[in-house]
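K.L.:
okay, sequence plus prediction incoming.
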Amino acid sequence: MNLISFLIFFIIFLSVVPYSTHADEGWVIDSFFSEINVESTGVVNVQESIDVDFGGLSKHGIYRDIPYEYEGDIFSEIEVEGVMRDGVSEKFSESEHGGYLRLKIGDANRTISGKHEYVIRYGVKGVLRGFEGYDELYWNVTGNGWPVTIRNARAVVTLPMEGMLKARCFEGFSGSDEVCHSIVGQASGTFKADRDLREGEGLTVVVGFEKGMVPILVVNRPESFWEKLVSWPSVTTLFSVVGIGAATVFWLWYRFGRDFWFGTNLFGKSGEKGAVKPIGSRETTVVEFEPPEKLSPAEMGVVVDETANTSDVTAMIIDLATRGFIKIEEVPKKWIFGKNDYILKKTERSHAGLEGFERKILSELFKSGDEVSVSALKTTFYKALKEVKNDLYKSVVKKGFFPSSPDTVRIKYLIIGITVGVVGFAMAFFGIDSENVVLADLGIGIGTSSAILIFVSKFMPRKTAHGRNVYRRILGYRMFIERSEKYRQRYFEKENMFNEVLPYAIVFGLTKKFADAMKEIGLKPAEPSWYTGVNAFNAYNFADSMDGFSSSMSRAIAAAPKSSGFSGGGGYSGGGFGGGGGGSW
């Protein structure tokens, strides 16, 4: 036989010889016996007795797939009444997927082997059909979806009264017209496969009986999973879960994230009993002409927005310069599209009396020498910046403005929100995958609630009573800077006030407004000894230069290096209703 003849023979062989798509699992069904009772109500009650032999395999049990959708537009309704193993009730779960009801029978925490008898009882509506002259039950007894051999397949069909007109049974793969053994009476029929049924083969029976003997029940198309998900009960559940979640987040903020402060009718020091009262009385803001409690610009920035921003650190550097610890020299741009650079120079002034975060920034800026360019700090200073910010948080906690680090509180609630979100969306995923509407609703609701918590986490840091009072005074100092032209006399009375206020204006984002106010006031402060610029000095140009320096400094010290690429019609077997199959797990 040449190659072409062999290929033709092989193709013809594949087209005429049935085969199974399942791999034999190494166990066997010794007996599959189904008792099918057509009730006078039109319901068909089924009891399946399935004797299995797992041999030496360790299994939790079996599963049974029973279809409830046929040919895309005919539907049945299945109600499981019970499952037993070896005469005792057995655990099982139900799930729907792809038009099948799956009964998963067994205990996930226990394995079994050897021989066992499973009995499954269920009722079915919508599987009887009416034709001219007779009604019919066309039932796939075993289903063609078993991946193992069924050695003995039998079925008994019983009517509620005499009137059976004809009956046949078929065995083999789906579509086979191989007839099997039948014994037919007036009110019942017995059917038996004539041989072992291999994996993928099944037993099907067809029974015709007198018309009108029982009602022909019709089952409407069940709602799809997505229709159920958008139905009013489902939406109500979803909104209820989100509502409970949102209420819980609000309670968390109200209980743990809301500021406390001194009530207007209470006296005493922070920490004394009765001195602290929840916000509820009306707060008033009065203009302050000096930084409250001599706070540095960086500390003031943290108290205002409960975050140590890079701009706070930049303002700290300018503040240290105004106090004589740093000199700043502006370097003009080298080409038309370039940007000005800045040189920071260390002075000889003693660091005694400085705050810890101020000493930290000075030591990190000048650890390689007595001067450094801002451009040289790019991709090298970001780790030190994080340490300086941590020291800032420690300072505001130590001074009693916060009970704990605002950053730690934010991260804690952010992690809780992300964790809850992962759990919620995992539930939603499994709910959608298993078409479990309740689980999907709960998962989506919990996931949405977690998103609310993640958003609210940035508002969870709380100020102490003392911190709240200082915050109110800071707003008064901000009012002074914002309305500088209104208080011009203060600037004329104090010689160095312009330099002192400038770092605070940077923290509040009021540099431009402050500069405009100085121009309107007509103030001409002395040229600072700590700054050398490229333009002629005046208050407006200087404030504008400081704004440029602040922006350049913020970009440089926060810049991290880019990551590496490595990081990163006539009857046939398998026809009619019933059917499905099963397997082990």
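P.N.:
That came through, no problem. Numbering: from 1, shown residues only.

K.L.:
quick check: buried residues in stretch 167-183?
P.N.:
For stretch 167-183, burial by neighbour count (16 or more other Cβ atoms under 10 Å) applies to Ala167, Arg168, Cys169, Phe170, Glu171, Gly172, Phe173, Ser174, Ser176, Cys180, Ser182. Heads up, the C-betas are built off the backbone N, CA and C, glycines and all.

K.L.:
send me stretch 419-437 as PDB with only the CA atoms.
P.N.:
This file holds the C-alpha atoms of stretch 419-437, laid out as PDB (Å, rounded to 0.1, in the frame of the first residue of the first chain):
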ATOM      1  CA  THR A 419      -7.100  44.000  50.500                       C
ATOM      2  CA  VAL A 420     -10.900  44.300  50.800                       C
ATOM      3  CA  GLY A 421     -11.000  45.200  47.100                       C
ATOM      4  CA  VAL A 422      -9.000  42.100  46.100                       C
ATOM      5  CA  VAL A 423     -11.300  39.900  48.100                       C
ATOM      6  CA  GLY A 424     -14.400  41.700  46.700                       C
ATOM      7  CA  PHE A 425     -13.400  41.500  43.100                       C
ATOM      8  CA  ALA A 426     -12.300  37.900  43.600                       C
ATOM      9  CA  MET A 427     -15.800  37.100  44.800                       C
ATOM     10  CA  ALA A 428     -17.200  39.000  41.900                       C
ATOM     11  CA  PHE A 429     -15.000  37.000  39.400                       C
ATOM     12  CA  PHE A 430     -16.000  33.700  40.900                       C
ATOM     13  CA  GLY A 431     -19.600  34.800  41.100                       C
ATOM     14  CA  ILE A 432     -19.600  35.700  37.400                       C
ATOM     15  CA  ASP A 433     -17.700  32.600  36.400                       C
ATOM     16  CA  SER A 434     -20.100  30.300  38.300                       C
ATOM     17  CA  GLU A 435     -23.100  32.400  37.400                       C
ATOM     18  CA  ASN A 436     -23.900  33.000  41.100                       C
ATOM     19  CA  VAL A 437     -25.800  36.300  41.200                       C
END
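
K.L.:
helix/strand/coil for Ala167?
P.N.:
Secondary structure assignment for Ala167 (DSSP: H, G, I helix; E, B strand; the rest coil): strand.

K.L.:
surely it and Gly189 touch.
P.N.:
Yes - here Ala167 reaches Gly189: they are 4.4 Å apart, a contact under Cβ atoms under 8 Å.

K.L.:
re earlier: of all the buried residues of stretch 167-183, which comes closest to Ser554?
P.N.:
The nearest member of the buried residues of stretch 167-183 to Ser554, counting by Cβ to Cβ, is Ser174 at 71.3 Å.

K.L.:
for the buried residues of stretch 167-183, which two are the farthest from each other?
P.N.:
Greatest spatial distance among the buried residues of stretch 167-183 (Cβ to Cβ): Ala167 and Phe173, at 21.5 Å.

K.L.:
got the domain boundaries for this protein?
P.N.:
22-221, 223-257+404-461, 276-400+476-558 (automatic domain parsing).

K.L.:
the stretch 151-300 of the chain: strands as residue ranges?
P.N.:
For the stretch 151-300 of the chain, the strands defined by DSSP state E, counting those that start in this stretch occupy 153-158, 164-172, 178-179, 181-184, 188-192, 202-209, 260-262, 276-278.

K.L.:
so what touches the fifth one?
P.N.:
Yep, that's strand 188-192 we're talking about. The set of residues external to strand 188-192 that reach it, using Cβ atoms under 8 Å, 6 or more residues apart in numbering, is 141, 152-159, 164, 167, 169, 180-183, 203, 205, 207.
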